[in-house]
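**Student:** Using only what follows, build the 3D model:
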Amino acid sequence: MTEKEGEGIRDRILKLMEKANICTKQVEFHGKIAAKSNSQATGKDRISELPDAVLCHILSFIPTKYSVRTSILSTRWKSICGSVPNLDFEFEQMSTTWKEEYMSNYVGFFMFVDWILSLRDSLDIQKFRLHCYCRVEDFSRIVGWICTALRHNVVELDLCVYSDNVVCPTFELPQCVFMSKTLVVLKVKSNCITYAPPTSGCFPSLKFLDVKVDYPEDDSVGELFACCPVLEDLSIDATIRDALILSFKVSAPELKRLRMTFFSDIIVGKDFMYDISINAPKLENLDIKQDSLSVYLFENLNSLVKGSVDLYYHYGQFWDDEVSERATVLLEAFSNVKCLSISAHFVEEGCLPAFDHLTELKLVLYDCYRWDLLTELLKKSPNLESLVIEHKKDEECVKNYDETESYSKYVLYSEHRWSTPESVPICLISHLKTITVRGFEGYPHVKEVAKFFTSSHQTENQTKPRKPLDLLFKEAVELSPKPENSDSEAEDNPLKKSLRDLEKEVRSLKANSNGETKAKKREPNSEGKASLYSVFTNKAAAAADGSGRKRKELTKERSNMLKDLSQDMEVVVSHLYKEGYFKDANFLFVNGDRLDFSCFNNSYGRSFLRFAVESFARDNQPIAKWLSGSDLKKVALLGCPSLARKSVFGAKRMRKFFEIPEDKVCSKCVLKQSCKFANQNVWNGGAKNLDLRDVMNTITLYALDAVPPELVVPGEVKSSVSRLLKEVLKLSESTL
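**Tutor:** Have a look, this model is predicted:
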């Protein structure tokens, strides 16, 4: 049962408890419960028909003070209530007057918690949640509750403890919290808890840690993150009041996500309030939000793929070389990410590193800033595909100007805030697909920005050259490099070799300056293939064997080099043609609404087809997670469809995704003697997501029967390939 379903049933439980309260009042005032008449009025009680385990699970989603009330219903409910694995206590009333009514509720809350914990006996506690304000004299009771939860093997501990004392005393988090072997999730928010973790053996099982400190008296919290051997998710939220320099040292070898938020109640200026060191070799997501630029030291951030930087303090005149250096160090840590969000009032362009791997960018601009940061980011992000530009208002921007009127006239609504770049960034020409602009309604300079993006796109379409036919021929015979690699074909393709021989004959004909060809007998080449001269003159070939049989055999041989497209591939080609993936294919022949599939029975047609398939896969990546796992695994277990580098690497990435050992596949592969990558795991990155391009490149080679002759594809694999192709097309249509 999911949490959402549990919440739905929880509402019904609460209604049932309301009825229980009514019944309790009837007992107090009338001495008995009219249970029979109440049951007839409300109809059948379906909740009570549920098994005890299900009812106990439902009660675990509601606060303990409500779940306890169900014990009045019957002896069965009393037993169920005592078995609820989660304990949730909350008392968030705060009063500085300590009136009689408030004190009564306060004392009642503490007595209630003591009573519930005394009834646990030997039962384990899955989750212990305590949110309350408390007096200094009750700190010891809270420490006792925490220790009791730890003795009952608590897995999740959620503490939100605040003291409303002006001069806030503190108490230490018990040592048993740091040494617990069952604790997996720890959340602490407090203005009165301090930390003194041990030097070794800290948090042996903790995977999720969320800490919020308000106005700490010292930097003891900084040592809390220095030794977390299995921690995967960390959130730090700190607010300081005095000129205290907090030092945070994060050392977690398994950490994957880190969120840090820092805020200061004093005027920050250029004085830093935090000294932060991060060593997390597996960190994938880093989110930093603060009002001042701290001194950062980053180590081993090689796995970072997503990041967010939010500098919401208005530096203005405080920006200098020292602040610039800190900004450079901070942004350099994100230089290899694929997704990045930047929000800042001001960042110098010189602080930006090159973002060569960046594909998704979100830029949040405030009123005070010009568009220079955007243009500089575009220049340094050559592979950018998605751009979001968002505007955010902040009163701090106005405070930096003497008069609000001049600020609106010369800054906010000025048409001169945008300066068109001298050259168009390469990402606008080659990769950028989507641009989203939010929150700039009514600002005149946005029109200039829109004109720039529009003109850049038109320039791209107008200047895109159409490839000459002679260049297409040279690419087919590899006399000129192709823009896209055709690695899926073996280098000894017989058709390629034949085309190379014919090209040499063309060169020899062009070399005759007189335009006449000497009438001499040309010998057949070593492989018995006719020359281009014999094809045109019809003389030398006839003299070679005295008949036209050899030429007929040659024609038959060439026609059998590439088989006709299978029915599955004809469906794929028709779909790709319909979606516009062959718009640049000048070799296609269309008869009415029908494609002539014989256009693909040559090397160039097949290369263009594989390029179109890869483009289709790149555009429809989200559907990869919905493909049949059993069919994909059958294809992956067969091995590599060819020895080309691209095919081998793609097949190995598929095996990595399904955690198939390389030696298990390579030891049975008939191509292993000629493979340079046998038994090698060439993919060192993570394999969390299946790449649809790898899938389509692999199954397309099988569907085209473009595999080495010694590789026999079993019938069950062919069936899996057919099902996968149909599944891909069906899913792509449903996501349009």
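
**Student:** Provide the secondary structure category for the residue nearest to residue 329 when sequence neighbours are not counted.
**Tutor:** Nearest non-adjacent residue to residue 329, counting by CB to CB, 6 or more residues apart in numbering: residue 296, 5.4 Å away. Any C-beta I mention is one placed from the backbone N, CA and C, and that applies to glycine too. Counting by DSSP: H, G, I helix; E, B strand; the rest coil, the backbone at residue 296 sits in strand.

**Student:** Look up how far residue 226 lies from residue 296.
**Tutor:** 16 Å (CB to CB, to the nearest Å).

**Student:** Among the two, which residue is more densely surrounded?
**Tutor:** It is residue 296, of residue 296 and residue 226, that has more neighbours when counted by other CB atoms under 10 Å, with 19 against 16.

**Student:** contacting residues around the residue nearest to residue 329?
**Tutor:** By CB atoms under 8 Å, 6 or more residues apart in numbering, the residues touching residue 296 are 276-278, 326, 329-330, 333.

**Student:** Which residue ranges of the stretch 251-400 of the chain form helices?
**Tutor:** According to DSSP state H, counting those that start in this stretch, the stretch 251-400 of the chain carries its helices in the segments 321-332, 372-379, 395-399.

**Student:** And those: which comes nearest residue 200?
**Tutor:** helix 321-332 (30.6 Å; CB to CB).

**Student:** Next, the buried residues of that closest one.
**Tutor:** Neighbour-count burial for helix 321-332, counted by 16 or more other CB atoms under 10 Å, picks out 323, 326-327, 329-332.

**Student:** If we only consider the residues you listed, which is nearest to residue 623?
**Tutor:** Distance to residue 623 across these (CB to CB) is lowest for residue 331, with 34.6 Å.

**Student:** gap between that closest one and residue 337?
**Tutor:** Applying CB to CB to residue 331 and residue 337 gives a distance of 11 Å.

**Student:** Common neighbours of the two, please.
**Tutor:** Counting by CB under 8 Å, 6+ apart, residue 331 and residue 337 have no common neighbour.

**Student:** check contacts around the residue lying closest to residue 231 once chain neighbours are set aside.
**Tutor:** The spatially closest residue to residue 231, leaving aside those adjacent along the chain, is residue 252, at 4.4 Å (CB to CB, 6+ apart). Going by CB under 8 Å, 6+ apart, residue 252 touches 225, 228-229, 231, 234, 279-280.

**Student:** Report the buried members of those.
**Tutor:** With burial judged by 16+ other CB under 10 Å, the buried subset of the contacts of residue 252 is 225, 228, 231, 234, 279-280.

**Student:** Report how many residues lie close to residue 150.
**Tutor:** Using other CB under 10 Å, residue 150 has 20 other residues around it.

**Student:** how much space is there between it and residue 169?
**Tutor:** Remark: distance between residue 150 and residue 169 (CB to CB) = 23 Å.

**Student:** One more: residue 596?
**Tutor:** Counting by CB to CB, the gap from residue 596 to residue 169 is 86 Å.

**Student:** mind exporting the helix or strand containing residue 132 as PDB, just the C-alpha atoms?
**Tutor:** Secondary structure assignment for residue 132, by DSSP states H and E: strand 127-134. Coordinates of each C-alpha in strand 127-134 appear next as PDB, following Å, rounded to 0.1, in the frame of the first residue of the first chain:
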ATOM      1  CA  LYS A 127       9.700   5.900  13.000                       C
ATOM      2  CA  PHE A 128       9.900   8.300  15.900                       C
ATOM      3  CA  ARG A 129       8.700  11.800  15.200                       C
ATOM      4  CA  LEU A 130       8.900  14.500  17.900                       C
ATOM      5  CA  HIS A 131       8.000  18.200  17.100                       C
ATOM      6  CA  CYS A 132       7.600  20.400  20.100                       C
ATOM      7  CA  TYR A 133       8.600  23.600  22.000                       C
ATOM      8  CA  CYS A 134       9.900  22.900  25.400                       C
END
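
**Student:** avg pLDDT for stretch 569-586?
**Tutor:** Stretch 569-586 carries an average pLDDT of 86.

**Student:** Endpoint to endpoint, it covers what distance?
**Tutor:** Taking CA to CA, to the nearest Å, stretch 569-586 runs 20 Å from one end to the other.

**Student:** Likewise for stretch 424-437?
**Tutor:** 19 Å.

**Student:** list the buried ones in it?
**Tutor:** Using 16+ other CB under 10 Å as the test for burial, stretch 424-437 gives 424-425, 427-428, 432, 435.

**Student:** Do me a favour and average the pLDDT over that stretch.
**Tutor:** On average, stretch 424-437 scores 83.

**Student:** Give me the contact list for that stretch.
**Tutor:** Residues from elsewhere that reach stretch 424-437 (CB under 8 Å, 6+ apart): 359, 375, 378-379, 381-390, 446, 449-450, 453, 456-457, 459-460.

**Student:** Which ones among the residues you listed map onto strands?
**Tutor:** 386-390 (DSSP state E).

**Student:** Sort out which of those are buried, if you could.
**Tutor:** Among these, those classed as buried by 16+ other CB under 10 Å are 386-387, 389.

**Student:** Let me know the pLDDT of residue 595.
**Tutor:** Listed pLDDT for residue 595 reads 82.

**Student:** what's the answer for residue 154, then?
**Tutor:** 96.

**Student:** hmm, back to that, what mean pLDDT does the strand holding residue 132 have?
**Tutor:** 92.

**Student:** Start at 13, not 1
**Tutor:** Right, with 13 as the first residue, what we last looked at is strand 139-146.

**Student:** tell me the mean pLDDT for the helix or strand that that strand is followed by?
**Tutor:** On the C-terminal side of strand 139-146, the closest following helix or strand by DSSP H and E is helix 151-163. Mean pLDDT, helix 151-163: 94.

**Student:** can you list contacts of helix 151-163?
**Tutor:** For helix 151-163, contacts defined as CB under 8 Å, 6+ apart pick out 99, 122, 125-126, 129, 132, 137, 140, 142, 144, 146, 169, 171, 173, 181, 183, 185-186, 188-189, 192, 195, 204.

**Student:** Then stretch 289-297?
**Tutor:** Residues from elsewhere that reach stretch 289-297, judged by CB under 8 Å, 6+ apart: 259-270, 308-319, 698.

**Student:** can you pull the alpha-carbon coordinates of that stretch into PDB?
**Tutor:** The C-alpha atoms that make up stretch 289-297 are tabulated as PDB, following Å, rounded to 0.1, in the frame of the first residue of the first chain:
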ATOM      1  CA  SER A 289      35.000  21.500   2.300                       C
ATOM      2  CA  ILE A 290      33.400  18.800   0.200                       C
ATOM      3  CA  ASN A 291      34.800  15.400  -0.600                       C
ATOM      4  CA  ALA A 292      32.200  13.200  -2.300                       C
ATOM      5  CA  PRO A 293      33.400  11.100  -5.300                       C
ATOM      6  CA  LYS A 294      29.900   9.700  -6.100                       C
ATOM      7  CA  LEU A 295      28.100  13.000  -5.800                       C
ATOM      8  CA  GLU A 296      25.600  13.500  -8.700                       C
ATOM      9  CA  ASN A 297      23.400  16.400  -7.600                       C
END
